[in-house]
Structures are given as C-alpha cells and as structure tokens.
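*Asks:* Just need the structure, nothing else, for what follows:
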Amino acid sequence: MAPDIYGQLIEKIGCPAYFCTPGGAVLHCNSAARRLWGGFPAPTEEARWDGFAALYRTDGSMLEKSASPAALAAGGGAVLPPTELIAESADGQKRRLVIHARPVVRADGATAGVLCSLTDISERYRLEQEAIIVRASRTGFLRVLAHELRNPLASVMAVAAILRRQPAEPGIARMARVIERQTRQLARFIDDLLDGARIDHACDIPVAMRAASLDEVLACARDMVEHLLRERGQQLHTEIDMREHGWDAVLWCDPERLGQALGNALHNASQYSDNGAGISLAIAIDGVFLDIRVLDAGIGVEAGELLLMFEPFRKFAAHPGRVASGAGLGLAIARSVARAHGGQVSAGSPGRGHGTSLHFVLPVVQDTAPA
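*Replies:* So this is what the prediction gives:
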C-alpha cells in the first residue's frame, strides 16, 4: 500500500489514530490525534512512537517509549492486547487512554509499520472513581446509622416485653404488643440497612452453612411475616411436595439467611397485595434442588422492571391503598442470599395488575437424615 494511502485512511478514522515506521517515526496521524497530542512530531524523528510528551503506567510510574505498545508491536510483529496507560500531552494535561497497536505486515512478511488507535477513557474513569467514593460514603453512613438506631431500639424492645408480661390492664398489654411488633419491624429495617451496605460494597451476603431442615427455614420466614399477614388479614397458602426425600430431607444451608430471603419474598408479596388477599407458597425438592415459588395476586410488575426488582434501593409503584415503606433492599438481599447458596431467584409477572411470582432454585438438598 502506498504511504499516502495510509494517511488518507487514517484521517477517516473517527478516534485518534496514527501510523509509525518500524523505527518509531510517526509518518501519519489524523486530526483527532493531533488535537490530543497538541502537535505533530517530525516524521524524521526515529524512536518517537507517538506524539505524547510522556507515558505513564496506571500506577503513575513512567513508561519508556521503547516499552510503549507501538514499539512492542513493531518489535514483536504481533497484535498486542489493548493497553491502559496515562498519557501526557504537550500542554502538560494527562489523560487515561486505552492504546491499540497493530503491526502492518507486507506481503513478504516484513513489518511495514504499526497502526495505533487511542480511546480516551478519562471521563469514564473519573465517573467510576466518583461512584466508588459515593458508594463508600453511603456504606459508612448506613453502618453508622444502623449502629446508632440499634442501641435505643433494644431498650424499647426490652421494656415492651416486660410490660407485656406484667399483670396489668388489657389495654396496656395490647399497647405493649403493638410496641413489640413495631420495634421488630424497625429491627428488621436496620438489619436490611446493614445487609444493603454489604451488598452495595461487595455484592455478597455472608452465610454460615450447616445441616438444617426445611422446618428451620420456614420457621425463620414465618417469624418475619406472620404479624404482617395477620394485620392485613392475608392468608398464606402453603403447598409442600416432599415425595422424593420426605420430611427428613437435610439441607446444607444457612437456615437463618435462607429464611430471611424467603421472608423477604413473602414480605414483598404481602406489601403489594390487597388486605385479605391470598399468597401462595409452593415448595418442592427435585434431586439436589430446593424449588420455592412465592405467588401473589397483587399490583404486578411491568416487564421492563422485572430485572431491576433485585437491584439495591430500587422501589417501584406502591400499592394504592398502602404507604410505601422499606429501603428497597428486601429482594436485593434475597438475590444475594440465593447466590451465596449457589442458586438463583427470578421474578415473573403478566403485567401491571396481574400479580407477581418469585422463583428460587437452590442446590442445597444434601441427603436424607439417618434413621
């Protein structure tokens, strides 16, 4: 290919691009590259390899021009993987770039030069760093808030329990039960805040695996939602298919965390269903898989919202007869718990006004218990 053809082709490339000789002289570059460099190096200057004043590794250490992607591609005659570097222009401005260097090989196998293109990722990197700082700040805030709320809440719960046990007027006992229920709700909200901080930071929830029964998991889930279902007059219809293993099936799981995940799913179903509505819980064992489905006839979800339901702090349309509550963490925690057990949870809905289903598939069935 004639040298002037290289220049014509490079000028048509949308991103900064240039061509240099096997010796490192920059023969051609497009206007985008010249703007990035702040000039055009002399085409007679060997071992230049680019138009930057200096190159640095991402840790800030200086990179010799002889070790630049263009020089390595010319010397090795092979296409290099994209290389992320910090480049300093003639005006002293530094940018974070990804450099693509590809040797141009003639018909006789000799290297005619190196074609390089540059992708400026400075803005993307800046936004990523800002996001990290925001996430860290939010995580710290949530942890401090949860800690500060937990201490006085424990005292309120203790006093409510004492009042309920003392012989007194029925009205006082009823008020004590109300206080207990509401403080349990607050305690759950605080736990969700802490779990939300973990999810946002590490996309994980810690689990302590041990042998457990299905009864243990269900007991934890019921404890979370029993009072809520009772207050709203909602009925939980449970169907359990244990034909393969029977009730002596052993689960290898964290029963408290798994119960929390299921409780969050039931809580979500209750929150978006009418008072007096029914909620279905179907449980079955298929080989090593524990299959759990929670189905409600509530307000439903649009198709585009199904995947977003499991993102932390995501909240959608509230039930029209109910004040929106919670931090939008329940299903994010459920997903994290399912993943920690090697499983998954998915959502489905025919659309707004037609209810929602949540489906857990968890490979936690270990065996049957010994006789």
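*Asks:* Output the longest strand seen in the chain in CSV, but only the C-alpha positions, please.
*Replies:* The residue-count maximum for a strand in the chain (DSSP state E) belongs to strand 94-105. Output in CSV follows, covering the C-alpha atoms of strand 94-105 (Å, rounded to 0.1, in the frame of the first residue of the first chain):
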residue,chain,number,x,y,z
LYS,A,94,-2.8,14.0,31.4
ARG,A,95,-5.4,11.6,30.1
ARG,A,96,-6.2,8.0,30.7
LEU,A,97,-6.2,6.1,27.4
VAL,A,98,-6.5,2.7,26.0
ILE,A,99,-3.9,2.2,23.3
HIS,A,100,-4.5,-0.4,20.5
ALA,A,101,-1.3,-1.2,18.5
ARG,A,102,-1.4,-3.4,15.4
PRO,A,103,1.6,-4.2,13.2
VAL,A,104,1.1,-3.8,9.5
VAL,A,105,2.8,-6.7,7.7
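*Asks:* can you give me how far it is from the chain middle?
*Replies:* The chain centre lies 31 Å from the centre of strand 94-105; the measure is Cα atoms, centre = their mean, to the nearest Å.
*Asks:* what does stretch 333-349 give?
*Replies:* Its chain's C-alpha centre and that of stretch 333-349 lie 12 Å apart, by Cα atoms, centre = their mean.
*Asks:* gap between the two ends of it?
*Replies:* 20 Å (Cα to Cα, to the nearest Å).
*Asks:* which parts of that stretch are buried?
*Replies:* 333-341, 343, 345, 347, 349 (16 or more other Cβ atoms under 10 Å). Just so you know, the C-beta spots here come from the backbone N, C-alpha and C atoms, and that holds for glycine as well.
*Asks:* Save these as TSV, and put in pLDDT too.
*Replies:* As requested, the buried residues of stretch 333-349 are exported to TSV (pLDDT from 0 to 100):
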residue	pLDDT
Ile333	85
Ala334	90
Arg335	91
Ser336	88
Val337	91
Ala338	94
Arg339	92
Ala340	91
His341	94
Gly343	95
Val345	94
Ala347	91
Ser349	89
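*Asks:* how about the nearest residue to Arg177, chain neighbours excluded?
*Replies:* Excluding the flanking residues, the one nearest Arg177 by Cβ to Cβ, 6 or more residues apart in numbering is Arg164, at 6.1 Å.
*Asks:* Just want the angle from the helix or strand hosting the one you found to strand 94-105.
*Replies:* According to DSSP states H and E, Arg164 maps onto helix 122-165. Computed by axes from the mean of the first three to the mean of the last three Cα atoms, to 10 degrees, the angle separating helix 122-165 from strand 94-105 equals 130 degrees.
*Asks:* Summarise which helices and strands helix 122-165 is packed against.
*Replies:* strand 94-105, helix 170-202 (3 or more Cβ pairs under 8 Å, 6 or more residues apart in numbering; DSSP states H and E).
*Asks:* quick one: average confidence on the longest one?
*Replies:* Per-region confidence: helix 170-202 scores 68 on mean pLDDT.
*Asks:* so where's the stretch 101-250 of the chain shaky on pLDDT?
*Replies:* 147, 150-151, 167-170, 181-182, 185, 188-189, 192-204, 244-247 (pLDDT under 70).
*Asks:* coming back round to it: max pairwise distance over the buried residues of stretch 333-349: which two?
*Replies:* Using Cβ to Cβ, the buried residues of stretch 333-349 span at most 25.3 Å, a distance reached by Ala340 and Ser349.
*Asks:* still on that earlier bit, name the residues of the helix or strand that the longest strand of the chain is followed by that are buried.
*Replies:* As assigned by DSSP H and E, the chain's next helix or strand after strand 94-105 is strand 111-120. Using 16+ other Cβ under 10 Å as the test for burial, strand 111-120 gives Thr111, Ala112, Gly113, Val114, Leu115, Cys116, Ser117, Leu118, Asp120.
*Asks:* Can you list the strands that strand 111-120 pairs with?
*Replies:* According to DSSP bridges, strand 111-120 has the following sheet partners: strand 17-20 (antiparallel), strand 94-105 (antiparallel).
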